[in-house]
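J.: structure here, sequence nowhere to be found:
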């Protein structure tokens with residue numbers, strides 16, 4: 001009887017302990033990227049079918065890099081932007097193969113300039129990939145746009161006319177949309193353990209001290225609990241989604 005009483009107490013005690021259940025949020029992140037990717041692909045198809053890169057390059061050159069003649073291509077650019085509807089994109093830029101900016105959704109001061117001349121060169125590696133016919137998704141970067149959004153994920157996509165690549169489309173999506181879809185105890189690190197997304201934007205590009213790439217269990221112990229890491233892959237990126245579980 002005494003043994004049964006002790007066992008009952010132990011079972012009751014265990015049932016009161018907070019159970020740590022690993023969460024898996026890679027589906028959420030993959031769906032976020034898939035929606036962005038679909039928007040961008042559809043917009044690129046419009047650009048290609050309307051031969052928008054060639055037209056805007058010609059008009060840009062006629063007007064010495066200004067936007068005066070863009071009214072002639074208003075229908076085509078409107079159709080392109082109508083494909084970017086899943087989120088409120090903070091910027092959409094079209095560049096030629098040489099890197100000349102021939103369209104910007106918001107910041108007209110960029111027109112006629114080289115993408116490689118933007119301070120900090122935030123897009124160089126992405127553009128190089130897309131000039132090789134490879135869609136690319138950036139790390140989180142800080143890119144200040146005219147309408148005030150400064151914390152973005154940036155995507156690039158190659159643009160063709162027929163079989164010939166004519167340029168690259170660059171779009172930026174505020175990470176606030178990703179924040180709305182992920183819980184507050186979740187963040188993202190890359191293969192080397194550098195934080196690429198975090199609810200606290202000050203943590204971007206810092207090293208995650210608890211990340212161990214070759215950890216078989218993908219669980220790291222901390223002073224306050226555990227962090228569970230789940231691998232996620234989408235197109236050209238391979239990241240880990242970290243979920244923090246604190247002890248009682």
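T.: Everything's here; your move. Since this is a predicted model, take the numbers as computed values, not measurements. Residues are numbered from 1 along each chain as shown.
J.: need the three-state assignment for the residue positioned nearest the centre of the chain.
T.: With distances taken as Cα atoms, centre = their mean, residue 153 lies nearest the centre of the chain, 3.3 Å away. Secondary structure for residue 153, judged by DSSP: H, G, I helix; E, B strand; the rest coil, is strand.
J.: identify the bridge partners of it.
T.: In this structure, residue 153 has beta-bridge partners residue 140, residue 173, where bridges are defined by DSSP bridges.
J.: that one against residue 171, yeah?
T.: No - taking contacts as Cβ atoms under 8 Å, residue 153 lies outside contact range of residue 171: 9.4 Å. Glycine gets a C-beta too; all of them are placed from N, C-alpha and C.
J.: where do the contact lists of these two overlap?
T.: residue 36 (Cβ atoms under 8 Å, 6 or more residues apart in numbering).
J.: and stretch 229-240, how far apart are its ends?
T.: Start and end residues of stretch 229-240 are separated by 6 Å (Cα to Cα, to the nearest Å).
J.: list the buried residues of it.
T.: Burial within stretch 229-240, assessed by neighbour count using 16 or more other Cβ atoms under 10 Å, is assigned to 229, 230, 232, 234, 237, 239, 240.
J.: now, the residues you listed that are in strands?
T.: When DSSP state E defines the strands, the subset of these inside them is 229, 230, 232, 234, 237, 239, 240.
J.: farthest-separated two in those?
T.: With Cβ to Cβ as the measure, no two of those lie farther apart than 229 and 234, at 16.4 Å.
J.: so what touches the lengthiest helix in the chain?
T.: In terms of residue count, the longest helix belonging to the chain (DSSP state H) is helix 26-49. Counting by Cβ under 8 Å, 6+ apart, the neighbours of helix 26-49 from elsewhere in the structure are 52-53, 76, 79-81, 83-87, 89, 92, 94, 135, 137, 153, 155, 157-161, 169, 171, 173, 177-178, 181-182, 188, 230-232, 234-235, 237, 239, 241.
J.: okay, now the unreliable bits of this protein?
T.: Within the chain, the segments meeting pLDDT under 70 span 1-24, 58-73, 120-121, 136-150, 248.
J.: try it again with 50
T.: Counting by pLDDT under 50, the ranges of the chain that qualify are 2-22, 65-66, 69.
J.: now do the helices in it.
T.: Listed in chain order, the helices found in the chain under DSSP H are 2-16, 26-49, 52-62, 74-81, 124-130, 176-181.
J.: and residue 246, which of the ones you listed is closest to it?
T.: Evaluated over the helices of the chain, closeness to residue 246 peaks at helix 2-16, with 16.7 Å, by Cβ to Cβ.
J.: can I assume residue 186 is in contact with residue 242?
T.: Yes - assessed by Cβ under 8 Å, residue 186 is found in contact with residue 242 at 6.7 Å.
J.: now do the residue nearest to residue 86 when sequence neighbours are not counted: how many residues are near it, please.
T.: When the adjacent residues along the chain are set aside, residue 86 lies closest to residue 35, with 4.6 Å between them (Cβ to Cβ, 6 or more residues apart in numbering). Here the number of neighbours of residue 35 (other Cβ atoms under 10 Å) works out to 15.
J.: how about residue 188?
T.: 25.
J.: same question for residue 130.
T.: By the criterion of other Cβ under 10 Å, residue 130 has 22 neighbours.
J.: repeat that for the one 3 residues further on.
T.: When neighbours are counted by other Cβ under 10 Å, residue 133 registers 9.
J.: quick one: contacts for the residue nearest to it when sequence neighbours are not counted?
T.: What sits nearest to residue 133 in space, not counting adjacent residues and going by Cβ to Cβ, 6+ apart, is residue 158, at 5.0 Å. When the contact criterion is Cβ under 8 Å, 6+ apart, the partners of residue 158 are 44, 130, 131, 133, 134, 135, 165, 167, 168.
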